[in-house]
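S.K.: Take a look and give me a structure for this.
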Amino acid sequence: MSDTGPGPGHGPGPGSVPGPGHGYDPHAFAPFAVTVDLAVFTVRAGTLHVLLIRRAQEPYAGAWALPGGFLLPRESAETAARRELAEETGLSAELVDALRLDQLRTYSEPDRDPRMRVVSVAFTALVPDLPEPVAGGGGDADRARWMPVGEASEPAFGLAFDHADILADARSRVGSKLEYSCLATAFCPPEFTLGELQAVYETVWDTALDRPNFRRKVLATPGFVEAVPGAARLTGGRGKPAALYRPGPATTLHPPLLRPTEGHPR
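M.R.: Below you'll find the predicted structure:
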């Protein structure tokens, strides 16, 4: 067979440089949209909460959903995620810009949005000390609030779109993040007991942990926590005051503090 160059549907030949639109007909493909969704978690009153908005427009008007929306034409997914989070929750731009957002995964089931084919890039974050949100007057949200994850995850709660799936995946991801990072200390007072630190892990993992085993693993992890010399706090009961600790210099845990494979829900 003679080599006459690429035929229809093939790429350019070796060494060639395709020009704009070379071999591509945009009308040959069905249009679709790209959105972002955010699962932002915090711990409030000893319970893991997720940030939700109530939709003011169809589809799913009146239903609760994760914050998010459509990408603008000249916008990256992460830029869109920060813009939508600020617009729909009223959180300040400075606070939103400072958040560490982790890309979770892409959701692309053909019928996940009744309007049209929509592919969503989901982000997640676990952040201490976030303020109470308010509907920001942008996007399609008329209310925003922190919701206990256990309540939001119930099928009867009826999160919009496939957001229940995104929430479940995001919760698993932030739980994994505590295994390898020192993030849990950010949810404790400046000086804390190991019991208070354990409570953060139990809240995020939704698992009761063995106290002596947890203490042994924490103290054996270099740089995770540092004892506060001479400091102690009464924690209730009749035992002696508990020693106080502060965050150590480490940012990652070596070895990791792994979730128990067989835990009991709190």
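S.K.: buried ones in the lengthiest helix in the chain?
M.R.: Ordering each helix of the chain by length in residues (DSSP state H) puts helix 163-180 first. Within helix 163-180, the residues that count as buried by 16 or more other CB atoms under 10 Å are His163, Ala164, Ile166, Leu167, Ala170, Arg171, Arg173, Val174, Gly175, Lys177, Leu178. (C-beta placed from N, C-alpha, C; glycine too.)
S.K.: ok, now stretch 193-210?
M.R.: Neighbour-count burial for stretch 193-210, counted by 16+ other CB under 10 Å, picks out 193-194, 196-207, 209.
S.K.: And those, which two are furthest apart?
M.R.: Spatially, the most separated pair among the buried residues of stretch 193-210 is Thr193 and Asp206, at 21.0 Å (CB to CB).
S.K.: tell me the centre residue of the chain?
M.R.: Thr124 (1.8 Å; CA atoms, centre = their mean).
S.K.: can you confirm that residue is in a helix?
M.R.: No - using DSSP: H, G, I helix; E, B strand; the rest coil, the assignment for Thr124 is strand, not a helix.
S.K.: list the contacts for the nearest residue to it once chain neighbours are set aside?
M.R.: Residue nearest to Thr124 in three dimensions, not counting chain neighbours: Ala170, with 4.0 Å by CB to CB, 6 or more residues apart in numbering. For Ala170, the contact set (CB atoms under 8 Å, 6 or more residues apart in numbering) comprises Ala39, Phe41, Val50, Leu104, Ala122, Thr124.
S.K.: Now render these as a markdown table, adding pLDDT and distance to Lys217.
M.R.: Output for those, formatted as a markdown table (pLDDT from 0 to 100; distance: CB to CB, whole Å):
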| residue | pLDDT | distance to Lys217 |
| --- | --- | --- |
| Ala39 | 98 | 27 |
| Phe41 | 97 | 23 |
| Val50 | 98 | 27 |
| Leu104 | 98 | 27 |
| Ala122 | 98 | 31 |
| Thr124 | 98 | 25 |
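S.K.: now, among those residues, which is nearest to Pro59?
M.R.: The closest of the contacts of Ala170 to Pro59 turns out to be Ala122 (CB to CB; 18.3 Å).
S.K.: How many residues are close by that closest one?
M.R.: Here the count is done by other CB atoms under 10 Å, and Ala122 has 27 residues near it.
S.K.: same thing with Pro148?
M.R.: Pro148 is flanked by 14 other residues according to other CB under 10 Å.
S.K.: got it, and Ala86?
M.R.: Around Ala86 there are 20 residues (other CB under 10 Å).
S.K.: now do Phe70
M.R.: Phe70: 15 neighbours (other CB under 10 Å).
S.K.: Quick check: bridge partners of Arg44?
M.R.: Beta-bridge partners for Arg44, by DSSP bridges, are Thr47.
S.K.: Return the set of residues that bridge with Phe70.
M.R.: Thr35.
S.K.: and it, what is it in contact with?
M.R.: Ala33, Val34, Thr35, Ala80.
S.K.: Redo the residues you listed as a markdown table? Include neighbour count, distance to Leu91 and pLDDT.
M.R.: As requested, these are exported to a markdown table (neighbours: other CB atoms under 10 Å; distance: CB to CB, whole Å; pLDDT from 0 to 100):
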| residue | neighbour count | distance to Leu91 | pLDDT |
| --- | --- | --- | --- |
| Ala33 | 13 | 25 | 95 |
| Val34 | 15 | 23 | 97 |
| Thr35 | 21 | 19 | 98 |
| Ala80 | 20 | 15 | 97 |
